[in-house]
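Chemist: Pasting a predicted model and its sequence here:
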Amino acid sequence: MRKLMLAMTLLAMFALAACGGGADEEPAAAAPSAQEAIAQVLKVTAHDLYYNEPDNLTNPPVWTVNAGEVFEVDLDNQGGLQHNWAIVKPGAEVPVPFDPAANADLLLWDAGLVDPGQSEAAQFTVDDPGTYTIICTVAGHYPSMQGQLVVQ
């Protein structure tokens, strides 16, 4: 009986869809492609023990995105070690040294490990405005590899 009801419902939906649509109607807008849905691309260069410039401890890099919009982190690992880019949860104290296995619950998001000489891209959305700490979670890399993500 359920199969018969399902078949009748589908048949009715197809019939209604075939009846609609006159020549005066405009076609529906196409859904945005995956690239169009990304509001911003953050270019991040990882060197051994720092992001972008070597003074992360005294002058951490700052990346800015809009709350609720998809952004992409394009991580280019120019170092000789694995690196990543991770967002720390608001209010979380990052221990020194950071232990990726024991402290994973402190992270809001992690872009994933990138091998030396490789580049990877990952997408994420942060809904709540604020300033978030960014770290490399590879053991021994924080606090020298850190930055800030400002979500407006």
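Modeler: Nice, I can see it. Numbers count the residues shown, from 1 in each chain.
Chemist: residues touching the nearest residue in space to residue 120 that is not next to it in sequence, list them.
Modeler: Nearest residue to residue 120, sequence neighbours excluded (CB to CB, 6 or more residues apart in numbering): residue 114, at 4.7 Å. Where you see a C-beta, it was placed from the backbone N, CA and C, and this is true even at glycine. If you count contacts by CB atoms under 8 Å, 6 or more residues apart in numbering, residue 114 has them with 46, 75, 77, 82-84, 120.
Chemist: out of those, who has the most neighbours?
Modeler: Highest neighbour count within the contacts of residue 114, by other CB atoms under 10 Å: residue 83, with 29 neighbours.
Chemist: Next, work out how far apart it and residue 128 are.
Modeler: 26 Å (CB to CB, to the nearest Å).
Chemist: likewise residue 121?
Modeler: For residue 121 relative to residue 128 (CB to CB), the value is 23 Å.
Chemist: Have a look at these two and say which one is more surrounded.
Modeler: Relative neighbour count places residue 121 above the other of residue 121 and residue 128, with 15 against 10, counting by other CB under 10 Å.
Chemist: so residue 64 bridges to which residues?
Modeler: residue 150 (DSSP bridges).
Chemist: ok, for the residue most central in space within the chain, nearest residue in space, not its chain neighbours?
Modeler: Centroid check for the chain by CA atoms, centre = their mean gives residue 124 as the closest residue, at 2.2 Å. What sits nearest to residue 124 in space, not counting adjacent residues and going by CB to CB, 6+ apart, is residue 109, at 5.0 Å.
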